[in-house]
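K.L.:
Sequence and computational prediction follow.
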Amino acid sequence: METVASTGGSTEQVSADQLESVINWTWRDRIVHVWHQLRAAIEEINYVARRSVELQMRLPK
């Protein structure tokens, strides 16, 4: 296994096969991956907004 530094500053153990599978992604694979990341981020933002409204509604007036 090779040690590869990630962008977060920590190191992770990544096998050559895993690294090669990421490098060989097609444009479609990359777009689908980014799309899923975007959808997950939007879902999280919506959850936080909905939860903060719920908590604000419980505050005494």
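P.N.:
Good, I have the coordinates.
K.L.:
Quick check: which ranges of this structure have low pLDDT?
P.N.:
With pLDDT under 70 as the threshold, the chain has low-confidence stretches at 1-12, 59-61.
K.L.:
Just the element for the spatially most central residue of the chain, please.
P.N.:
The chain has Gln37 as the residue nearest its centroid, 5.1 Å off, counting by CA atoms, centre = their mean. Using DSSP states H and E, the secondary-structure element containing Gln37 is helix 27-57.
K.L.:
Then Gln13?
P.N.:
When secondary structure is defined by DSSP H and E, Gln13 falls within strand 11-14.
K.L.:
now for the next helix or strand after that strand, which elements pack on it?
P.N.:
Scanning the chain past strand 11-14 towards its C-terminal end, the next helix or strand to appear is helix 16-23 (assignment: DSSP H and E). In terms of contacts (3 or more CB pairs under 8 Å, 6 or more residues apart in numbering; DSSP states H and E), helix 16-23 is packed against strand 2-5. Any C-beta I mention is one placed from the backbone N, CA and C, and that applies to glycine too.
K.L.:
again, only using 10 Å
P.N.:
Here helix 16-23 is seen to pack against strand 2-5, helix 27-57 when contacts are counted using 3 or more CB pairs under 10 Å, 6 or more residues apart in numbering; DSSP states H and E.
K.L.:
If we go by neighbour counts, what in the helix holding Gln37 is buried?
P.N.:
Across helix 27-57, burial judged by 16 or more other CB atoms under 10 Å covers no residue at all.
K.L.:
Would you confirm that Trp25 contacts His33?
P.N.:
Yes: if you go by CB atoms under 10 Å, Trp25 and His33 touch, sitting 7.5 Å apart.
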